[in-house]
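Enquirer: I'd like to go over a predicted model; first the sequence, then the structure.
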Amino acid sequence: MELIIILTSFLVAAFIALFSKYRVLTELSSALVSIIALVGSLIIAIKVSSAKIYSPFSFFTVDALSSIVILIIAFVGLATTIYSIKYLRQETARNVLNFGRIKQYFILLNLFVAAMFLAITTSNPIFAWISIEATTLSTAFLISFYNKPSAMEAAWKYLIINSIGLLLGFFGTLLYFTSIDLANVGGLVNWQLLMSNVSHLDPLIAKIAFIFVLIGYGTKVGFAPMHTWLPDAHSKAPAPVSALLSGVLLNVAFITVLRFKAITDLVVEKSFTQNLFIIFGVISIVIAALIIFTQKNYKRLLAYSSIENMGIIALGFGFGGLGVFASILHMIYHSLLKSTLFLSAGTILLKYGSTKIAKIKGALNVLPITSILFLAGFFAITGAPPFGIFLTKIYIVSAGIKIHPIVSVIVLFLIAILFIGFFKHASRMFFGEKSLEVKEGEESIWLIIPPFALIIIALYLSFNIPQFLSILINEVVLHY
């Protein structure tokens, strides 16, 4: 019942935004729905931790993995919605946006979050594909929100590359359906039915299908070399949308790949899918490390950091064992911290009016609280203690040091390079004398609270994992 309430609430909020003549009503309805989604997600996650699975209707199935992801969607969704209200108000004050554009933003935002909830909770692989495709359509308009030529180009690039990728993923999905006699299926094909029919799936077809799925959905995840849409999209979208794209949507697509991995592992040797994860993980980290030094845009810098971190998560699942445990934790930490960084970047953009690193000087003097949040997020996301990513990176490398020592050493070296490159850009932005044309001013509390809350949650989870969440993570490790 909670899932129905969550999904219905987002649709209601979208309709309110569509027909409302009052900005306050549009904003409050979206914020209220995000709170409802968070409460509902917590209830579902606690239920799954005790009952192993939550399935109020045959169409919906929430297991340990999906319950972790809906918590990520809910927490980041609430933070970005609250941040969006003040962010868009400041954009309106600068005559960048009008009320019509604000309505469009909240309509698409609510539909985007609802589509992610549906993608992660539906028991049907086809509806999961449809929902992820729906996220592509809604976010394409959000990426081009400012109607600038570069934003329109990024949106089209995002739409075309991801649509082609998802088409390949859809073809791979259909190949998995060859294990089922569809004539004797009474209802919709679901994940459980695919799992129970693996004995009828040809190993060669399973391998081909997984390659299509990995490349197809991997495009949405941002794996290199299919990552080319990601830096452009993240740099041109409004900051709250970038936070959702990087902190949440990449995980939703990755979870879909993991579901097909679980099926494939029952048909062929587990090493097949693990080696593919390792290959794409290493390529993603290499690409991010090589490009990060030459970045001139701090939002693109964060985008390449996302590519790196998704590569690290893929490595953990590729190494298996302790690596899976660390990857799940890494996914949680990355979502919270990367959202913190993008929201902080949005505040910097509002003050400086530019996303170019060269134009951001002395930000620590101009925006002290936001700058501290950004720097804390930077150190955390690159693996500095006491944040949990420090341990997850160590665990992932430790999981691979025996079976893939060369890969593990290369990854450690690349992580160090990424830290140096990131620090090089961050130090230029935040230290030194501020630009004369930029005036110091008060930071809005509503632009500070959302990223502050996310980084505090990430710090808390670095030291203490709630019991229900620990149960969910351990359940995922047993199955993947």
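Expert: Perfect, I can see it now.
Enquirer: and the most centrally placed residue in the chain, what pLDDT?
Expert: Note on the chain: the residue nearest the mean C-alpha position is Val248, at 2.6 Å, using Cα atoms, centre = their mean. We have a pLDDT of 96 for Val248.
Enquirer: Please look at it and Ala74 and confirm they touch.
Expert: No - using Cβ atoms under 8 Å, Val248 is not in contact with Ala74, being 9.6 Å away. C-beta here means a position set from N, CA and C on the backbone, and glycine is covered the same way.
Enquirer: Below-threshold pLDDT in this structure: ranges please.
Expert: Applying pLDDT under 70 to the chain picks out residues 182-187, 434-442.
Enquirer: Please identify the helix or strand for the closest residue to Ala453 other than its chain neighbours.
Expert: Nearest residue to Ala453 in three dimensions, chain neighbours excluded: Ala79, at 6.1 Å (Cβ to Cβ, 6 or more residues apart in numbering). Ala79 is part of helix 64-93 when elements are defined by DSSP states H and E.
Enquirer: Counting by contacts, list what that helix packs against.
Expert: helix 23-51, helix 99-121, helix 239-244, helix 250-265, helix 322-352, helix 445-463, helix 467-479 (3 or more Cβ pairs under 8 Å, 6 or more residues apart in numbering; DSSP states H and E).
Enquirer: now the angle between helix 23-51 and it, please.
Expert: If you take axes from the mean of the first three to the mean of the last three Cα atoms, to 10 degrees, helix 64-93 sits at 170 degrees to helix 23-51.
Enquirer: now Phe422: how far from Met429?
Expert: Distance, Phe422 to Met429, by Cβ to Cβ, to the nearest Å: 11 Å.
Enquirer: follow-up on the earlier one: so what angle separates the directions of the helix holding Ala79 and helix 99-121?
Expert: Using the same axes, to 10 degrees: helix 64-93 against helix 99-121 is 170 degrees.
Enquirer: for helix 64-93, which positions count as buried?
Expert: Within helix 64-93, the residues that count as buried by 16 or more other Cβ atoms under 10 Å are 64-88, 90-91.
Enquirer: now swap in stretch 258-272 and tell me
Expert: Counting neighbours by 16+ other Cβ under 10 Å, stretch 258-272 gives 258-265, 267-268, 272 as buried.
Enquirer: What of stretch 214-234?
Expert: 214-224, 226-227, 229-234.
Enquirer: mind listing which of those residues are in helices?
Expert: If you go by DSSP state H, the buried residues of stretch 214-234 have 214-221, 229-234 in helices.
Enquirer: so can I have TSV of those residues showing distance to Ile312?
Expert: Listed next are these as TSV, based on distance: Cβ to Cβ, whole Å:
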residue	distance to Ile312
Leu214	17
Ile215	19
Gly216	21
Tyr217	18
Gly218	15
Thr219	18
Lys220	18
Val221	12
Trp229	20
Leu230	16
Pro231	18
Asp232	22
Ala233	21
His234	18
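Enquirer: Phe423 contacts Phe378, correct?
Expert: Yes - using Cβ under 8 Å, Phe423 is in contact with Phe378, at 7.5 Å.
Enquirer: what about those two, which has more around it?
Expert: Taking other Cβ atoms under 10 Å, Phe423 and Phe378 do not tie; Phe378 has more neighbours (25 against 14).
Enquirer: Can you check my assumption that the more buried one lies in a helix?
Expert: Yes - secondary structure of Phe378 (DSSP: H, G, I helix; E, B strand; the rest coil): part of a helix.
Enquirer: what's near enough to touch it?
Expert: 341, 422-423, 426 (Cβ atoms under 8 Å, 6 or more residues apart in numbering).
Enquirer: out of these, which are buried?
Expert: Buried among the contacts of Phe378 by 16+ other Cβ under 10 Å: 341, 422, 426.
Enquirer: quick one, what contacts the closest residue to Thr61 other than its chain neighbours?
Expert: Residue nearest to Thr61 in three dimensions, not counting chain neighbours: Ser123, with 3.9 Å by Cβ to Cβ, 6+ apart. Residues near Ser123 by Cβ under 8 Å, 6+ apart: 55, 58-61, 188, 190-192.
Enquirer: The residue nearest to Glu475 when sequence neighbours are not counted and Tyr54, how far apart?
Expert: Closest residue in space to Glu475, ignoring its immediate chain neighbours: Ala64 at 3.7 Å, by Cβ to Cβ, 6+ apart. Per Cβ to Cβ, Ala64 is found 10 Å from Tyr54.
Enquirer: Between those two, which contacts overlap?
Expert: Val48.
Enquirer: Contacts only, for the residue nearest to Phe379 when sequence neighbours are not counted.
Expert: Excluding the flanking residues, the one nearest Phe379 by Cβ to Cβ, 6+ apart is Phe387, at 7.3 Å. Counting by Cβ under 8 Å, 6+ apart, Phe387 makes contact with 333, 337, 379-380, 458-459, 462.
Enquirer: Give me the three-state assignment for Phe387.
Expert: Following three-state DSSP, Phe387 is assigned to coil.
Enquirer: Repeat that for Leu302.
Expert: Following three-state DSSP, we place Leu302 in the helix state.
Enquirer: ok now do the residue nearest to it when sequence neighbours are not counted, which residues does it touch?
Expert: Nearest residue to Leu302, sequence neighbours excluded (Cβ to Cβ, 6+ apart): Leu341, at 5.4 Å. Leu341 makes contact with 302, 305, 374, 377-378, 381, 451, according to Cβ under 8 Å, 6+ apart.
Enquirer: Leu341 and Ser371, how far apart?
Expert: 12 Å.
Enquirer: Same check on Val257?
Expert: 36 Å.
Enquirer: of the two, who's got more company?
Expert: Per other Cβ under 10 Å, whichever of Val257 and Ser371 has more neighbours is Val257, with 26 against 23.
Enquirer: Ignoring the adjacent residues along the chain, who's closest to Asn197?
Expert: Leaving aside its sequence neighbours, Asn197 sits nearest to Ser179 (Cβ to Cβ, 6+ apart; 4.5 Å).
Enquirer: cool, Leu159 as well?
Expert: Ala140 (4.5 Å).
Enquirer: Equivalent analysis for Met1, please.
Expert: Nearest residue to Met1, sequence neighbours excluded (Cβ to Cβ, 6+ apart): Pro56, at 5.6 Å.
Enquirer: Report how many residues lie close to the one you found.
Expert: Neighbours of Pro56 under the rule other Cβ under 10 Å: 15.
Enquirer: One more: Ala115?
Expert: Neighbour tally, Ala115, other Cβ under 10 Å: 24.
Enquirer: Noted, bye for now.
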